[in-house]
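Chemist: One predicted model, sequence on top.
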Amino acid sequence: MNNWDATRSAILNRIDDLADELVTVSRSIHAHPELAFEEHHAAGLLSDTLEDHGLSVKRGVYTLDTAFETQLATRGDGPNAAILAEYDALPGIGHACGHNLIATAALGATLGLQAVASELPGTLTLLGTPAEERGGGKELMARAGAFDTVSAAMMIHPAGVNLTSMPCICVAEVEVIYHGRSAHASAMPHRGINALDGLLLAYQAISNLRQHIRDNERIHGIVTEGGQAPNIVPDRAVGNFYVRAADEKKLAALKPRVQACFEAGAKGSGAEVEVRWANVDYLDLNTNWPLAECFEKHGESIGREFLHPDALGGAGSTDMGNVSYRVPSIHPMLASAPANVVIHHPDFAQWAGSEMGDAAALDGAKILALTAAEYLRSKDLQQQVEQSFSVSAGLS
């Protein structure tokens, strides 16, 4: 048995030994869904579990109350491999994106690597990263220095199939608020200015714009506030919209066109409009393919078969994209539900709390740990990862 065989066996055995504890953590996070920036139960549970296993945890790091960080004591100098955990949920449908599984896989990988940390050169870091579903937690953490010393970053995401990389496009979030003037809608409608009309005019303009954008661009939104009663002219209307494009330049070109739709709604209705673009735009994913291929190899070694990323049939967005243009990164996907169950559907939330979801979290822990261990051990892999990143980092 060579050194790698021993390292691999130690990692897998440790995660198998912790399987019941890891599943308990996953199910607890699943049973207590928390929205972005509010993940106090999840962050506390993950931090407590790490501390129970002898690790020192910094809580409330990099400007976010529900972020945390821990590092394993390793041997000698070398790169810093970071494993990322997400744990926020969606409004109304809980963990329909399976972030309880992401968090558990990251936790399990870290504890699995703890068994061999003294044999590995460099640093192993676990980062708890809140607010992926909205707010761009990873970007906010990055601005505060979270990735300044990180050499490579990795995480997994649940899906209906196994993919080496998540198909990903950029997204910008915008809130639009129309201000009108209330009046009796029957007796004195001429005294009112209908804010809802402004929002609906803008919505229709955006619907027309959708006919003239690229196939990989998206604009979608909802009305979150539209008035108080039918017989009162609405003096306030609010909508939330997402604008998506293939890369940062195309997103920058599309945003002004959407802005013009909002302004047209104001002109057409006589209302005033506030357009509040979010502080963070999510970038597309700059997958580091040498690292992704390493992940795929280790996934296949434990029985996972991977499809081409196009097999997902569409593209989402993640703030891991922002990390991927700062440091070499991977964001593969593991099947935790049947292929016909889509992310962000209530059925996916049920699968995220099922035995199939449990298996994905444990497999994710194993594959992440093996990938991180090989990365720290192999100077050849480190060189390939860095060379690939130097070519691709400026392409967004």
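Modeler: Great, that's in hand.
Chemist: Only C-alpha atoms from now on, for both contacts and neighbour counts.
Modeler: Noted.
Chemist: In this protein, where is pLDDT below threshold?
Modeler: The chain contains residues with pLDDT under 70 at 1-2, 312-313, 393-396.
Chemist: Could I get the full set of strands for this structure?
Modeler: Applying DSSP state E to the chain gives strands spanning 57-59, 68-72, 75-85, 121-128, 152-154, 157-159, 170-179, 218-225, 236-245, 272-277, 329-330, 333-335.
Chemist: The ones you listed into CSV, with extra columns for distance to Val23 and mean neighbour count?
Modeler: Below are those laid out as CSV (distance: least, Cα to Cα, whole Å; neighbours: other Cα atoms under 10 Å):
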stretch, distance to Val23, mean neighbour count
strand 57-59, 21, 16
strand 68-72, 21, 20
strand 75-85, 15, 20
strand 121-128, 18, 23
strand 152-154, 21, 27
strand 157-159, 15, 27
strand 170-179, 33, 23
strand 218-225, 36, 15
strand 236-245, 34, 22
strand 272-277, 39, 16
strand 329-330, 24, 28
strand 333-335, 16, 25
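Chemist: Let me have the ones you listed in TSV, extended by distance to Pro290.
Modeler: Putting the strands of the chain into TSV (distance: least, Cα to Cα, whole Å) gives the following:
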stretch	distance to Pro290
strand 57-59	31
strand 68-72	24
strand 75-85	14
strand 121-128	19
strand 152-154	11
strand 157-159	19
strand 170-179	23
strand 218-225	30
strand 236-245	26
strand 272-277	35
strand 329-330	10
strand 333-335	16
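Chemist: Tell me which of those sits nearest to Arg8.
Modeler: Taking Cα to Cα, strand 121-128 is the member of these nearest to Arg8, at 15.6 Å.
Chemist: tell me the angle the closest one makes with strand 75-85.
Modeler: Strand 121-128 runs at 20 degrees relative to strand 75-85, counting by axes from the mean of the first three to the mean of the last three Cα atoms, to 10 degrees.
Chemist: In its sheet, which strands sit next to strand 121-128, and in what direction?
Modeler: Sheet pairing for strand 121-128, assigned by DSSP bridges, gives strand 68-72 (antiparallel), strand 75-85 (parallel).
Chemist: Angles on the backbone of the residue lying farthest from the centre of the chain, please.
Modeler: Centroid-distance maximum for the chain: Ala187 at 50.2 Å, with Cα atoms, centre = their mean. When read as degrees, to the nearest 10, the backbone of Ala187 gives phi -70, psi -40.
Chemist: Likewise for Pro230?
Modeler: Per degrees, to the nearest 10, the backbone of Pro230 is at phi -60, psi -30.
Chemist: Now it. Nearest residue, chain neighbours left out?
Modeler: Nearest non-adjacent residue to Pro230, counting by Cα to Cα, 6 or more residues apart in numbering: Ala185, 7.5 Å away.
Chemist: The one you found: neighbouring residues, count only.
Modeler: 17 (other Cα atoms under 10 Å).
Chemist: What of Ser186?
Modeler: If you count neighbours by other Cα under 10 Å, Ser186 ends up with 11.
Chemist: before we move on, what about Lys249?
Modeler: If you count neighbours by other Cα under 10 Å, Lys249 ends up with 12.
Chemist: Over to Met188?
Modeler: 12.
Chemist: Would you check how far apart it and Ser182 are?
Modeler: 10 Å (Cα to Cα, to the nearest Å).
Chemist: wait, which of the strands paired with strand 121-128 is closest to Gln114?
Modeler: strand 68-72 (6.6 Å).
Chemist: Using CSV, write down the CA coordinates of the closest one.
Modeler: Output of strand 68-72 as CSV, limited to C-alpha atoms (Å, rounded to 0.1, in the frame of the first residue of the first chain):
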residue,chain,number,x,y,z
PHE,A,68,-17.5,31.3,9.9
GLU,A,69,-14.0,29.9,9.3
THR,A,70,-11.8,27.1,10.6
GLN,A,71,-8.4,25.7,9.5
LEU,A,72,-6.8,22.3,10.1
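Chemist: Can you give the contact residues for it?
Modeler: 43, 47, 55-61, 114, 117, 123-129 (Cα atoms under 8 Å, 6 or more residues apart in numbering).
Chemist: what's the answer for stretch 343-353, then?
Modeler: Applying Cα under 8 Å, 6+ apart, the contact partners of stretch 343-353 are 26-27, 30, 90, 93-98, 100-101, 159-160, 336-337, 341-342, 357-358.
Chemist: 6 Å instead, please
Modeler: Ile93, His95, Ala96, Cys97, Gly98, Ala337, Gly357 (Cα atoms under 6 Å, 6 or more residues apart in numbering).
Chemist: looking at it, the second one is touching Ala89, isn't it?
Modeler: Right, His95. Yes - judged on Cα atoms under 6 Å, His95 makes contact with Ala89 at a distance of 4.9 Å.
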